[in-house]
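> Take a look and give me a structure for this.
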Amino acid sequence: MSTDWPLYFRDNLTLGDSNHPAAICCLWMKAARLRDALPASAYGVLGNLYSPDGINYLLRNILAHPTTRAILLCGPDLTHSGASLARLMRDGIDDQHRVGETGAQIDREIPVQAIDEFRQNVRLVDLTGVNDPEKIRGALAELNDALPGGAFAEPRVFPRSVPAADELPAETTGFVWRGEKIISVWVNLLAAILAFGRRDLTAYTVHQRELLDVVAVLHDADDDAELPAWAPLTREQLDAYTPQLLTPQRPENIAYTYGERLFDFNGRDQIAGMVEELTRTRYSRRAVAALWDPARDPGANDPPCLNLLQARARDGMLHLTAYFRSHDVFRAWLMNAYGLRRVQKEIAARVGNVMLGDLVIVSHSAHIYADSWDAARQIVQTHEREYVKNPRLIRDPRGSFNIRLEGFQIHVDHYSPAGNLLATFSGANARTLQRELAFFVSRVDHAIYVGMELAKAELALKNNWRYTQDVDLRVENFDGAATSSGQMGL
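Residues are numbered from 1 along each chain as shown. Have a look, this model is predicted:
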């Protein structure tokens, strides 16, 4: 056997007898369980198959060293990878290199002839669901007497191209982005829609990329003045747009304005109503303005995209939530966000004795039309490091954690944003603590950070090293005797 084999996932595979014709594919079962129970002489190679895409690596490894004459399939099939392999062995692939209706895609670089040779010469013993090492040992013993020896073909290696996904998998609904600045959140929304947005047609016969139920939370109340020169919105355009939000007047060439429906909706000034409600009852949940008219908007050519505003006072802060049924994120979101901040300031000033709180924009359909994709992509690429991959710390509103080692355990103190100790969690390893802490983490970057620190703490605990949060591990004992002068950046 070549020292370069297996070609893929060498560190994840267990090699047995290099001349043995049987391989074990234990799907989602812990490979160590079989590795400890079976002698290395009982198989050629042992490994998992976690996804249907893994079939490509299985094929490539065996075709590069074609001495495997049987694959024993066992363990739980959590992702239907085993079923996809069984279907491949039975029916082969279609003209699109797919395995029937399983969804498994076989690399086009692997020729149909090579796949058929694999199917004709390699036997599949399907024990899917079997986890008992003794049953697997017995099945292997029966195989030993029935399998031919030697390679079934010349070794072949096929190059593999790295796919460039056009649309990444993501949640179906419910995306949340938080930020201090409107412009920062907007750039993140552009990046997210370009990466995760579903590509589809629209009623306007142009393609779009779309996310459903996007929630943007904007914290900084004073960023109105921070409108960068590179944004597709000028200060003059924003100033011209503001009267369309803050007055009932409608220019003749515009079908409707939000201000018209906010300040004179069938004769009612809804902003005045919101102010009166919050002035009368500061904790009221009834300060709501509806912009959708059920009598005329269904079936209309140009119904309003902004459908609802709700203001809420809490702890001396006035928060504003806006709901959009449809939101062109490249052309309209930025103007809407800056404009709504001005509406929020107007309401807060008229209510009195409140500071500006969060502005929350809920966009049921957050989309970018195809004619804006290139411009949006250019903005993301230019400002990605500043806004999307920003290394600056943003505090988690659910609190922070202090991690320390004491008494052969990892201790985690949970503090509120104000610095008050809320609880202390203790455990002997990171896995135990992650389950305790996950509920109290709201930000992905914070979760990654906590996971990194817990892994460092566990490694230090197991090796009797000194651990200090936010400091690279130094390979030394608690008595100060260094075993290495280097540092381990984990």
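
> Tell me the secondary structure at residue 87.
In the three-state summary, residue 87 is assigned as helix, counting by DSSP: H, G, I helix; E, B strand; the rest coil.

> wouldn't it be in contact with residue 98 here?
No - counting by Cβ atoms under 8 Å, residue 98 is not a contact partner of residue 87; they are 10.2 Å apart. Backbone N, C-alpha and C define where each C-beta goes, glycine included.

> okay, these two: which has more neighbours?
Between residue 87 and residue 98, counted using other Cβ atoms under 10 Å, residue 87 has the larger neighbour count: 18 against 15.

> show me the contacts for that one.
For residue 87, the contact set (Cβ atoms under 8 Å, 6 or more residues apart in numbering) comprises 99-100, 102, 104.

> And it, how close does it get to residue 119?
With distances defined as Cβ to Cβ, to the nearest Å, the gap from residue 87 to residue 119 amounts to 11 Å.

> Kindly report the same for residue 343.
For residue 343, the distance to residue 119 under the criterion Cβ to Cβ works out to 66 Å.

> Residue 212 now?
In this structure, residue 212 and residue 119 are 42 Å apart, going by Cβ to Cβ.

> likewise residue 46?
Spatial separation of residue 46 from residue 119 under the definition Cβ to Cβ is 22 Å.

> The two: who's more crowded?
When neighbours are counted by other Cβ under 10 Å, residue 46 and residue 119 differ, and residue 46 comes out ahead with 22 against 16.

> what's downstream of the longest helix along the chain, the next helix or strand?
When secondary structure is assigned using DSSP state H, the longest helix within the chain turns out to be helix 444-463. Tracing the chain C-terminally past helix 444-463 and defining elements by DSSP states H and E, one meets strand 465-466 next.

> Just checking: what are the partner strands of that next one?
Sheet pairing of strand 465-466 (DSSP bridges) gives strand 473-477 (antiparallel).

> on that earlier part again, least confident pick among the contacts of residue 87?
When those are sorted by pLDDT, the bottom entry is residue 102 at 83.

> wait, what's in contact with that residue?
The contact partners of residue 102, taken as Cβ under 8 Å, 6+ apart, are 52, 80, 83-84, 87.

> model confidence over stretch 60-78, on average?
94.

> cool, stretch 463-483 as well?
On average, the pLDDT along stretch 463-483 is 77.

> Wait, a strand at residue 401?
Yes - in this structure, residue 401 lies within a strand as judged by three-state DSSP.

> Who does it form a beta bridge with?
Beta-bridge partners of residue 401, counted by DSSP bridges, are residue 414.

> how far away is it from residue 443?
Summarising the geometry, the distance separating residue 401 from residue 443, computed by Cβ to Cβ, is 12 Å.

> Those two: which is more packed in?
Residue environment comparison for residue 401 versus residue 443 gives the larger neighbour count to residue 401, 20 against 16, counting by other Cβ under 10 Å.

> Do you know the pLDDT at that one?
The score at residue 401 is 97. That number is its pLDDT.

> For the residue located most distally from the centre of the chain, give me its contacts.
The outermost residue of the chain relative to its centre, with distances by Cα atoms, centre = their mean, is residue 145 at 48.8 Å. When contacts are counted by Cβ under 8 Å, 6+ apart, residue 145 is found next to no other residue.

> and it, backbone torsions?
Note on residue 145: backbone dihedrals following degrees, to the nearest 10 are phi -80, psi -10.

> separation between it and residue 437?
Using Cβ to Cβ, which is the criterion applied here, residue 145 is 54 Å from residue 437.

> How about the lengthiest strand in the chain, which residues are buried there?
Determined from DSSP state E, the single longest strand within the chain is strand 355-369. Going by neighbour count (16 or more other Cβ atoms under 10 Å), the buried part of strand 355-369 is 356-369.
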